[in-house]
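Novice: Here is my input; please provide its structure:
(chains A and B)
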Amino acid sequence: MTATVTTDPGTGKQARGTTRGSGGARRGIPRIPDRIRRGGLPYLLLLPAVLLELLIHLIPMVVGIVMSFRQLTQFFIGNWGAAPWTGLENYEIAVDFDAPIGEALLHSFFVTCVFTFFAVGLAWLFGVTAAIMLQESFRGRGFLRTLFLVPYALPVYAAVITWAFMFQRDNGLVNHVLHDQLGITDQPSFWLIGDNSIYALIVVSVWKGWPFAFLMLMAALQNIPRELYEAAAIDGAGVWQQIRRITMPSLRPVNQVLVLVLFLWTFNDFNTPYVLFGKAAPAGADLISIHIYQSSFVTWNFGTGSAMSVLLLLFLLVVTAVYLFLTSRGRKGSHA
Amino acid sequence: MRHLRAAAAITLAVSVVAGVTACGGGTSSDGGSNESPKTLTYWASNQGPSIEADKKILTPELKKFEKETGIKVKLEVVPWADLLNRILAATTSGQGPDVLNIGNTWSASLQSTGALLPWDDENFEAIGGRDRFIDSAVASAGKEGEPPAAVPLYSLSYALYYNKKMFADAGITAPPATWDQLVEDGRKLSKDGKWALGAEGSNLSNNIHQTFVLGQQHGADFFDEQGKADFTSDGAVAAVKQYVDFMAKDRIIAPGNAEYAQNQSLTDFAKGRTAMVLWQAAATTFAAQGMKPEDWGVAPVPVPAGAPGAGKQTNSMVAGINMAVFRNTRNIDGAKKFVKFMTSDAEQKILCKTYGSIPPVKAAQSDPAFAAPELKVLRDTLATSAAPLPQVPNESQFETAVGTAVKELFADAAAGSPVTTESVKARLEKAQQTMQS
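Specialist: Here you go, the predicted structure:
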């Protein structure tokens, strides 16, 4: 975020040296070279978004970080200023993996990693498959495209509550099909409690997430020139080879951002587990966001909860940075 | 261009990441004022069969209050699932309602936040005096030795509701008075897809209410005298095990109940799928589900042996709703007037009759409506054999930690895994370790 705003408003030297990094607020001053004015425009256009971003996200984030250094329990939530400073104590509690609180956090972290891996992987796989299948023009394509986007358009709460009903053991649709109609299971399974809950979570998450992948990839596919496929077909490339040699490399820049965004959304997802499981998620599906919620809102210990949030933030930032570094290097390599 | 794209990606990433840590801030000032004497905001808890029903019930009463005092009350009925979070958010931001209902078990926890007006003698005087209320109800409105954080509004206790026809079909002539009898009757009733007892295994609060009472019967309090968590005493372990064993060992609760958290057990009861539930003031819900009053009976919750009473013969928590005034209110005099109105003899009779609860106001109890069979059981229980949940600041942590432990044990039982004294103790130990004081 900072990369777009940190550059000092253009001095003459910078202006001569580079086309990037000029300030946007100097339109009125005459005789600024066109190159700088053009370069500054994007920043000017970004300014309102950046300011709002600071206001809506960054300030609360800073407050959250400050909270993590204080003992903010129920005795102080009415008057935050009076909460005692505790230094790193909240962090020590959170990362003491031999003690129950740290151990539970670590467990929750692993559950979230496994969940994210499968949820993002499957969402991407469904998205890319559907996008490729719907690339060719045929009757009903428009209808299918719209239909596939429905989960993305539905309000999350309404959709997930419906899933919760479907996953009920005694009256749910899932057991009705699996057990009553197909006879796959000996007896009705529990989906919302116990070890199966992670499957329920992944199913709902994939259902909710794949239309976004589909949408992005469908748009990206429109940009691949038809000639490439035609030339490949003439050269004797089959469908798989076309996908492997043309489609996938062309989708690479979109995939880079898409997978990152899906990863962050999924790793942080709160609504799905909360609506499915309520305040206490089963151990097998104890995602980190709901775990932090329980560690702060339900137990009224906002200091520890904030410390866990900050740790999560750091983790995600590191993952994001490493991911962007690796993928952009890989791309440079492929362009060279 | 590539850098720009990378920058945009980072911006997006940070903003997505930031979502989790975002939390609002705020301060609170001391004491209320009378800046807006003509309006009040009131958060009511969901007492009737639905939010809409509550609005219908309360609106005419609020109009009455407006006619008497000229104060307009803006009503919002908040579902139970949201109420505590809403109160916490209001406490944190200092932006809350003027008057609100709270579950009486939260009283001590909310008292410790300092967000609620303390009901000292002077404030009690303004609503007619502390003596108008039943002692046990006032005792469940805050820590002992401190001015209560709220005023009792509706009182409730647990009772055993049973399906008369299912009992008759199974050849059972009277409702069980002891747990042994309940299990024995339960085995007769649990057959052909029907079950003896309903439970809300995934409802943390309900798990606490049930195990707390069983704990009392086993001589366990869950907190020691210093207010420290004591979840792993022999009594506490035995109490939790006894409750879960109704499903695990005695097999008189359907395994599906392990995932119930939205009063599905009441639906099962009303539809004749289970023969008994342990509940507080369930009459209106049964009626709303289409069950006729003559189809069900009510009896005191069983005890280990003998008759219900104090100490080990406790058979209910002191359940109920308290009414609190937000300390930051901008209409403090109006708020007290409203509490006075809602706890007046006349309103107590009207509201408690409608909701099927017991008035915590002594004078209102004389109304013949509260001598009906169901309410008589609830009233006697409250008067003689109910105990308040621990009035300690970390009561809500207790509900979460132990409530979750019981939920997990039910999940084990439902999946057919054995529930042993050791497994119960291990879960409770884990719950205790997560308690931070």
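Novice: So which residues on the stretch 201-336 of chain A come close to chain B?
Specialist: A:253, A:256-257, A:260-261, A:264-265, A:268, A:270, A:278-280, A:282-283, A:289, A:292, A:294, A:297-302, A:304, A:306, A:309-310, A:312-313, A:316-317, A:320, A:324, A:328 (C-beta under 8 Å from any C-beta of the partner chain). Where C-beta positions appear, they are placed from N, C-alpha and C, glycine not excepted.
Novice: interface residues of the stretch 251-400 of chain B facing chain A?
Specialist: Residues of the stretch 251-400 of chain B lying near chain A (C-beta under 8 Å from any C-beta): B:Ala254, B:Pro255, B:Gly256, B:Ala258, B:Glu259, B:Ala261, B:Arg327, B:Pro393, B:Asn394, B:Ser396, B:Gln397, B:Thr400.
Novice: Of these, just say which sits nearest to B:Pro302.
Specialist: Nearest to B:Pro302 out of these is B:Ala254 (C-beta to C-beta; 19.5 Å).
Novice: Against A:Gln74, how distant is the closest one?
Specialist: Per C-beta to C-beta, to the nearest Å, B:Ala254 is found 37 Å from A:Gln74.
Novice: At which residues are the strands of the stretch 1-150 of chain A located?
Specialist: Using DSSP state E, counting those that start in this stretch, no strands are found in the stretch 1-150 of chain A.
Novice: Point out where it drops to low pLDDT.
Specialist: A:1-33, A:35-37 (pLDDT under 70).
Novice: So which residues on it come close to chain B?
Specialist: So far as C-beta under 8 Å from any C-beta goes, the stretch 1-150 of chain A lies against chain B at A:1, A:3-4, A:20, A:42, A:53, A:56-58, A:60-61, A:63-65, A:67, A:73-75, A:77-81, A:93, A:99-101, A:104.
Novice: One more pass at 6 Å, please.
Specialist: When proximity is defined as C-beta under 6 Å from any C-beta of the partner chain, the stretch 1-150 of chain A approaches chain B at A:1, A:3-4, A:57, A:60-61, A:63-64, A:74-75, A:77-79, A:100-101.
Novice: Can you give me the domain assignment for chain B?
Specialist: Domain assignment of chain B by automatic domain parsing yields the ranges B:39-156+B:318-387, B:158-317+B:391-433.
Novice: For these, give me a markdown table that also has mean pLDDT, distance to A:Val177 and mean neighbour count.
Specialist: Below are the domains of chain B laid out as a markdown table (pLDDT from 0 to 100; distance: least, C-beta to C-beta, whole Å; neighbours: other C-beta atoms under 10 Å in any protein chain shown):
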| stretch | mean pLDDT | distance to A:Val177 | mean neighbour count |
| --- | --- | --- | --- |
| domain B:39-156+B:318-387 | 92 | 29 | 20 |
| domain B:158-317+B:391-433 | 94 | 17 | 20 |
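Novice: Not counting residues beside it along the chain, what's closest to B:Gln47?
Specialist: Among residues not flanking B:Gln47 along the chain, B:Tyr355 sits closest, at 4.7 Å (C-beta to C-beta, 6 or more residues apart in numbering or on different chains).
Novice: cool, and B:Glu61?
Specialist: B:Glu347 (6.3 Å).
Novice: sec struct for the one you found, please.
Specialist: Following DSSP: H, G, I helix; E, B strand; the rest coil, we place B:Glu347 in the helix state.
Novice: One more: B:Leu40?
Specialist: strand.
Novice: My understanding was that it contacts B:Gly334; is that so?
Specialist: Yes: B:Leu40 lies in contact with B:Gly334 (C-beta atoms under 6 Å); the separation is 5.4 Å.
Novice: residue ranges for the strands of the stretch 51-200 of chain B, please.
Specialist: With strands called from DSSP E, counting those that start in this stretch, the stretch 51-200 of chain B shows them at B:72-78, B:99-103, B:151-156, B:158-163, B:195-197.
Novice: out of the ones you listed, which comes closest to B:Val277?
Specialist: strand B:158-163 (5.2 Å).
Novice: Listing partners with orientation, what would you give for the closest one?
Specialist: Strand pairing for strand B:158-163, determined by DSSP bridges: strand B:274-280 (antiparallel), strand B:296-299 (antiparallel).
Novice: For B:Leu214, give me its contacts.
Specialist: B:Ala239, B:Gln242, B:Tyr243 (C-beta atoms under 6 Å, 6 or more residues apart in numbering or on different chains).
Novice: Spatially, what comes nearest to it if we skip its sequence neighbours?
Specialist: B:Ala239 (3.7 Å).
Novice: so what does the helix or strand containing that neighbour touch, helix or strand wise?
Specialist: Assessed by DSSP states H and E, B:Ala239 sits inside helix B:234-248. Helix B:234-248 sits against helix B:204-217, helix B:395-414, helix B:421-433, with contacts defined as 3 or more C-beta pairs under 6 Å, 6 or more residues apart in numbering or on different chains; DSSP states H and E.
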